[in-house]
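Task: produce atomic coordinates for the following.
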Amino acid sequence: MDILSASGLELLRAMADGKLPRAPISETIPMDRMVVEEGRVVITARADGRHLNPIGGVHGGFAATVLDSATGCAVHSTLEPGAIYSTVDLNVKMLRPVPRDQDLLAEAHVTHVSKSLAVAEGTLKTEDGKLLASASATCFVKRS
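Purely as a prediction, here's the structure:
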C-alpha cells in the first residue's frame, strides 16, 4: 500500500487488519484491536504496571493518551490522501479510577469537520460499560 496516496480511512483499516504496523505509541500505551469506520473508531486498551502513579493507581495520562489516540484516529478516518492533522486541544474528564490489567474500550466519533479544524468526542469504558473518562478534542487539519 502506498501510504502517501491512501486516505485516512484506508490507512487505519490497513493498521487494524495488520497490513501496516500500528503506531509506536501502542507499545507504550497498549492499544490493540481497532474497529474503524468513517468518522468513528473503537480501540481496545489495557493499563498495566508501567502506567501506575506514585500511589499505585493508573496515571491519568493513560486515559488521556488513549482518548487522544481514539479521537485523533476518528478525525484521521475522515481525511483524504495527503491531509494531516494534529491535536490542538484535548479536554479530558476523569470520572472513575482506571483499572489495571483489564481490557478497556475507547470509542470516538467526529462531530465536526471543516477545511482546517475537526472536532471529535470520545469515551473510555470498561467492557461492561462503566464510564471511566470522556474527552473532546479539536484537531488542526492541513490539506495538501
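
I'd guessed E127 sits against P99; true?
No: taking contacts as CB atoms under 8 Å, E127 lies outside contact range of P99: 10.3 Å. Where you see a C-beta, it was placed from the backbone N, CA and C, and this is true even at glycine.

In terms of packing, which of these two has more residues around it?
Counted by other CB atoms under 10 Å, E127 and P99 do not tie: P99 has more neighbours, with 15 against 10.

Now that one: which helix or strand?
In the assignment (DSSP states H and E), P99 maps to no helix and no strand.

Contact partners for it?
By CB atoms under 8 Å, 6 or more residues apart in numbering, the residues touching P99 are 47, 58, 126.

Need phi/psi at it.
Torsion angles at P99 (phi, psi; degrees, to the nearest 10) stand at phi -80, psi 150.

what about it, distance to D48?
Between P99 and D48 the computed distance is 11 Å (CB to CB, to the nearest Å).

cool, and A118?
Shown here: A118 relative to D48, a distance of 31 Å by CB to CB.

Give me the more crowded residue out of these two.
More neighbours surround A118 than the other of A118 and D48, with 26 against 13 (other CB under 10 Å).

Give the pairing partners of the helix or strand containing that one; include direction for each.
If you go by DSSP H and E, A118 is part of strand 117-126. Strand 117-126 pairs in its sheet with strand 104-113 (antiparallel), strand 131-142 (antiparallel), by DSSP bridges.

chain center to that strand, what's the gap?
8 Å (CA atoms, centre = their mean, to the nearest Å).

What is the burial count for the closest residue to E127 other than its chain neighbours?
Nearest non-adjacent residue to E127, counting by CB to CB, 6 or more residues apart in numbering: D103, 5.6 Å away. Neighbours of D103 under the rule other CB under 10 Å: 13.
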